[in-house]
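*Asks:* Just to be clear, the model below is a prediction. Sequence and coordinates:
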Amino acid sequence: MSKIYYTLTDEAPMLATHSFLPILKAFTKSADIEIEVPDISLAGRILANFPEYLKDDQKVPDALAELGELATKPEANIIKLPNISASVPQLEEAIDELQKQGFAVPNYAAEPKTDEEKAINKKYARVLGSAVNPVLREGNSDRRAAKAVKNYVKANPHRMGVWNADSKTSIANMNSGDFYGTENSTTVETEGKFRIVFYGNDGSENVLKDFAPLKAGEVIDSSVMNLSALKSFVEEAIDEAKEKDVLLSAHLKATMMKISDPIIFGAIVETYFKDVFEKYKDTFAELDINPNYGLATLFEKISGHAKETEIKADIEKTIENGAKIAMVNSDKGITNFHVSSDVIVDASMAALVRGGGKMWNKDGNEEDTVCIIPDRTYAGFYDAIIQDMKKNGAIDPKTFGSVPNVGLMAQKAEEYGSHDKTFQISEAGTVKVEDENGNVLLEQNVRNGDIFRMCQTKDAAIRDWVKLAVNRAKLSDTPAIFWLDKTRAHDREIIKKVEKYLKNYDLDGLDIRIMDVKDAMLETLKRAREGKDTISVSGNVLRDYLTDMFPILELGTSAKMLSIVPLMNGGGLFETGAGGSAPKHIEQFLQEGYLRWDSLGEFLALQASFEHLAQTQDNKKAKILADALDEANAKFLATDKSPARKVGQIDNRGSHFYLAMYWAESLANQTSDSEIAAKFAPVAKVLQENEAKINEELIAAQGKPQDVGGYYHPVSEKTYAAMRPSATLNAIVDGI
């Protein structure tokens with residue numbers, strides 16, 4: 001019996017799973033495939049980490065740890081849907097919901113004081129931010145638009161905003177004191193251990209991280225974000241936006257970079273509202289207000305306080321006299337400074353570029369924006385594309401080429417593996433990375449408030465990344481560009497390895513280059529505007545940014561990408577697109593019973609998953625499912641059965657019905673397995689005969705609020721009832 005692990009996650013993808021899973025299980029029985037559903041949702045991960053607080057019947061297994069172990073084995077076949085990368089406010093909301101449901105999980109202490117609170121927070125640190133992806137990604141990323149999807153978009157182009165040559169939109173970044181400017185990097189020659197130690201100027205010594213392993217050949221880096229330089233830079237950006245009379249916005253990755261970026265976000269908020277934080281210093285200390293959590297938490301904590309009205313008035317006055325703040329939701333008054341997890345740079349900047357460089361003001365109108373991206377490491381990426389758009393105008397999806405990505409992410413590569421090696425420093429001194437013999441590998445001078453970060457990139461991951469890039473270039477006959485800056489310390493070490501490992505391959509007839517990030521962006525855009533494809537080969541963070549930017553330009557969404565992670569020990573991880581729109585979609589569903597989430601990413605991932613099973617486990621029936629699903633996906637696109645936009649039209653549940661009908665039709669018509677054909681012929685027939693009735697039942701369920709028993713931890717029975725409202729379709733599927 002073959003197994004596919006189909007993850008249960010959060011928000012809109014979680015809702016969609018409750019509609020699609022019964023269909024998937026019914027269809028895969030015919031190919032001796034068992035579908036396991038490990039719960040890696042935010043709520044599920046919280047419960048798994050605190051069994052000692054729960055009753056026996058409330059305890060759940062640590063599904064994420066089990067999947068992480070599985071990812072290192074050749075039999076792994078995991079379909080990973082988007083999940084919440086929790087900010088502190090989201091974590092607190094999830095804890096509150098679980099407590100109200102009767103789960104006695106402990107509170108999260110924003111600033112732990114007792115040993116018990118510190119121990120609890122250490123456990124919650126496993127749940128905060130992007131806790132899932134680094135565990136599962138035991139391989140590098142191969143992410144591209146499927147041909148059927150690309151062809152559909154060319155025939156049915158999405159709307160693009162207009163870019164004007166005189167657009168005032170710009171990127172504001174630091175010129176010194178950032179991670180880029182302070183980074184140092186080295187390649188470790190022999191296996192050993194390292195630890196991170198702070199040495200105070202007053203003679204104190206503090207081990208920040210005790211000994212951990214180093215592998216021979218791995219690249220290690222350290223860098224520092226200088227808090228004082230950051231705040232000075234933010235003041236300049238505020239002045240620039242005010243002088244230009246445009247919006248001001250901040251773009252960070254506070255979910256993935258869960259230690260550093262909330263602090264940077266807090267510095268931006270605190271600098272903008274400097275007068276408010278100074279005036280109410282004592283009150284804010286009394287209320288335990290931390291700027292890292294943004295305005296939303298601040299407003300919650302002052303609610304009911306004697307000075308609430310006065311503080312709110314001063315905040316409004318600061319906004320009136322300062323630069324205009326970009327809005328996340330103009331109708332609800334939610335600014336770009338409300339919650340750090342509302343402004344994820346890869347999604348927010350891609351939306352800005354697609355929208356002609358505009359963001360929303362408080363009145364719901366679009367305006368040009370000064371975008372704060374403090375660290376130069378990636379600010380140049382966005383600056384290059386904005387300059388290109390000003391010069392050449394918006395792209396045309398009908399003629400634009402494709403930009404697949406091969407991303408270095410295996411074994412917690414680069415910054416995304418830095419969580420346990422990132423610290424905010426509380427006094428002046430030196431941070432040293434030392435080996436077990438006391439030799440200093442890396443060293444940084446630091447001051448009070450600075451953020452120190454160390455990163456690791458394993459040699460095996462780099463070798464595999466280069467191999468994957470060469471294979472993709474050969475298989476697709478497409479030029480490949482490694483996006484690596486020779487002026488960045490880390491990239492210089494990576495370039496040495498790339499040049500060395502490329503010599504292991506026959507590159508005759510292949511166009512493989514290494515280019516600085518800005519040059520790579522301009523060359524890739526030039527080729528794409530000419531209708532030519534170019535593979536981007538990038539490090540882990542750029543992988544994230546590229547695989548939102550180009551899919552959103554090419555396809556209108558990153559949710560329709562084919563995302564395959566060939567795991568280094570032979571298994572497969574199949575990711576189903578990005579979850580940036582997931583919160584909006586679940587909110588719409590709860591309010592009016594309409595789910596806009598597009599499951600095409602799941603359909604594409606499943607096809608690749610079946611193919612992997614066929615190849616690695618010689619499961620011929622899995623190949624039949626894959627081929628039939630390929631035909632169904634093509635018909636699904638050709639007939640435009642993705643969710644529409646409003647109540648009364650097809651939504652996610654309707655799209656699942658059509659995928660099931662097209663899949664059954666294809667299975668019924670295939671000739672390589674008469675048993676499967678005979679099984680699905682009557683299924684296809686009864687689905688076709690009941691098409692109108694099923695649609696009627698599905699649409700009748702729309703237009704009214706839905707109760708699934710919880711946002712973070714819904715009740716399974718209620719969710720299935722909400723997501724399977726067609727009795728006719730349910731009877732057919734359950735009868736297969």
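*Replies:* In hand now; what should we look at? Quick caveat: nothing in here was measured; it's all calculated off a predicted structure.
*Asks:* what's around residue 74, how many residues?
*Replies:* 11 (other C-beta atoms under 10 Å). All C-beta spots, glycine's among them, are computed from the backbone N, C-alpha and C.
*Asks:* who's in contact with residue 713?
*Replies:* 41, 43-44, 94, 97-98, 101, 103 (C-beta atoms under 8 Å, 6 or more residues apart in numbering).
*Asks:* again but with residue 385, I slipped
*Replies:* Going by C-beta under 8 Å, 6+ apart, residue 385 touches 353, 521, 525, 549.
*Asks:* Against residue 164, how distant is the third one?
*Replies:* To tie it back to what came earlier, the one meant is residue 525. Using C-beta to C-beta, to the nearest Å, residue 525 is found at 18 Å from residue 164.
*Asks:* Show me which of those two is the more surrounded one.
*Replies:* Neighbour count, other C-beta under 10 Å: between residue 525 and residue 164, residue 525 has more, with 23 against 14.
*Asks:* Which pLDDT value belongs to the nearest residue to that one once chain neighbours are set aside?
*Replies:* Sequence neighbours aside, residue 388 is the residue nearest to residue 525 in space, at 5.0 Å (criterion: C-beta to C-beta, 6 or more residues apart in numbering). For residue 388, the pLDDT comes out at 97.
*Asks:* Strands along the stretch 1-150 of the chain, start to end?
*Replies:* Using DSSP state E, counting those that start in this stretch, the strands found in the stretch 1-150 of the chain span residues 2-6, 33-36, 77-80, 141-144.
*Asks:* Run through the residues that contact residue 612.
*Replies:* Counted by C-beta under 8 Å, 6+ apart, residue 612 has contacts 77, 572, 574.
*Asks:* what helix or strand does it sit in?
*Replies:* helix 600-617 (DSSP states H and E).
*Asks:* mean confidence score for that helix?
*Replies:* Here the average pLDDT along helix 600-617 is 94.
*Asks:* what about the helix or strand just after it, distance to the chain center?
*Replies:* Using DSSP H and E, the helix or strand that follows helix 600-617 towards the C-terminus is helix 620-638. Centroid separation for helix 620-638 versus its chain: 27 Å, with C-alpha atoms, centre = their mean, to the nearest Å.
*Asks:* Which residues does helix 620-638 contact?
*Replies:* 2, 27-28, 30-33, 146, 148-149, 152, 600, 603-604, 606-608, 610-611, 613-614, 642, 655, 658-659, 662-663, 665-667, 670, 672-673, 676.
*Asks:* from the residues you listed, which would you call buried?
*Replies:* Buried by 16 or more other C-beta atoms under 10 Å: 2, 27-28, 30-31, 33, 146, 148-149, 152, 600, 603-604, 606-608, 610-611, 613-614, 642, 655, 658-659, 662-663, 665-667, 670, 673, 676, out of these.
*Asks:* Find the nearest non-adjacent residue to residue 75, please.
*Replies:* residue 571 (6.4 Å).
*Asks:* hang on, the one you found packs against residue 76?
*Replies:* Yes. Residue 571 is within contact range of residue 76, at 2.8 Å (criterion: C-beta atoms under 8 Å).
*Asks:* returning to what we had before: out of the contacts of residue 713, the closest to residue 285 would be?
*Replies:* Of all the contacts of residue 713, residue 285 sits closest to residue 94, with 26.8 Å by C-beta to C-beta.
*Asks:* how about residue 368, secondary structure?
*Replies:* strand (DSSP: H, G, I helix; E, B strand; the rest coil).
*Asks:* Can you tell me who it pairs with across the strands?
*Replies:* With DSSP bridges as the criterion, residue 368 is bridged to residue 358.
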